[in-house]
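Student: Have a look; sequence and predicted model below, questions after that.
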Amino acid sequence: MYVRFLFIGIMLFLVLVACQQVSEDQITQSKEQSQSFQKGNIQNRTLQKEGRFAKQSLELDQEMEQDYQLTFNDFKERWNAVSKELACDLTIDTVEKVSNEKSIYYQAKLNKQIELQVFVSNNQVEKLILLSPITANTFDVLVGWRQIILMLIQESDSLDIDAIFHELGVEPNAEIELHEKKTVTYLGIEMNVSLTNETIVFEASYIN
């Protein structure tokens, strides 16, 4: 009798162990399926994300390759809009046409010290020059340079402009190194900085 009960107990134990093993296998399989599903979703999202980035990059490259040149018709309006975005006071109130033996250009006083010159041909802006005495506020001078770059180059950001400034001799403390003329070319625009008769000359022009 005792042996019979022992045998039944052993059988029940084996059945319970088998059931537990099946349950654990099901749980493991379920986890693996869930992880595989999640991994698939992550991969799909990654591919979609990479696809969007690749598309944006392609569109950006196409935009950069487009021929773009600033026109004079809406120059004042656009300049003042950029000035507003930069939260600076270098706006244009009036534009005066200047003619001399060498050229014809338009000039605007941005403040008491800083002057902007706009050279135009067939309504197309060809060159912008910012004139600042060495006594001018350096912040205003650099903001003026930044504004010119933003006007001439559609696809430019802060990192690009900071790199351009570095090449043009602007130190990390915002001081401008003026020992010699500095030139940099970026996206079809040539920019240079020089010192002439105690005046800082920043010139940016389209490369023909």
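Tutor: Perfect, I can see it now. Numbering: from 1, shown residues only.
Student: rest of the way, CA atoms for contacts and neighbours
Tutor: Will do.
Student: Tell me how the chain divides into domains.
Tutor: Residue ranges for the domains of the chain, per automatic domain parsing: 1-66, 75-206.
Student: Out of the ones you listed, name the one with the poorest average pLDDT.
Tutor: Among the domains of the chain, domain 1-66 carries the lowest mean pLDDT, a mean of 41.
Student: This structure: strands as residue ranges?
Tutor: 96-99, 104-109, 115-121, 124-133, 182-186, 189-196, 199-206 (DSSP state E).
Student: how many neighbours does the nearest residue to I129 once chain neighbours are set aside have?
Tutor: Counting by C-alpha to C-alpha, 6 or more residues apart in numbering, I129 lies nearest to E203, which is 4.4 Å off, once chain neighbours are set aside. Neighbourhood size, E203 [other C-alpha atoms under 10 Å]: 19.
Student: any idea how far the nearest residue to G188 once chain neighbours are set aside is from M151?
Tutor: Of all residues not flanking G188 in the chain, I207 sits nearest, at 5.6 Å (C-alpha to C-alpha, 6+ apart). Per C-alpha to C-alpha, to the nearest Å, I207 is found 15 Å from M151.
Student: what about N208, how many neighbours?
Tutor: A count of neighbours around N208, defined by other C-alpha under 10 Å, yields 6.
Student: Now do the same contact list for I153.
Tutor: L187, I189 (C-alpha atoms under 8 Å, 6 or more residues apart in numbering).
Student: T185 contacts M191, correct?
Tutor: Yes: in this structure, T185 is within contact of M191 by C-alpha atoms under 8 Å, at 6.1 Å.
Student: For those two, indicate the residue with more neighbours.
Tutor: Between T185 and M191, M191 has the larger neighbour count (other C-alpha under 10 Å), namely 24 against 15.
Student: measure the more buried one to P133 for me?
Tutor: On the measure of C-alpha to C-alpha, M191 and P133 end up 18 Å apart.
Student: same check, this time on G144
Tutor: If you go by C-alpha to C-alpha, the gap between G144 and P133 works out to 13 Å.
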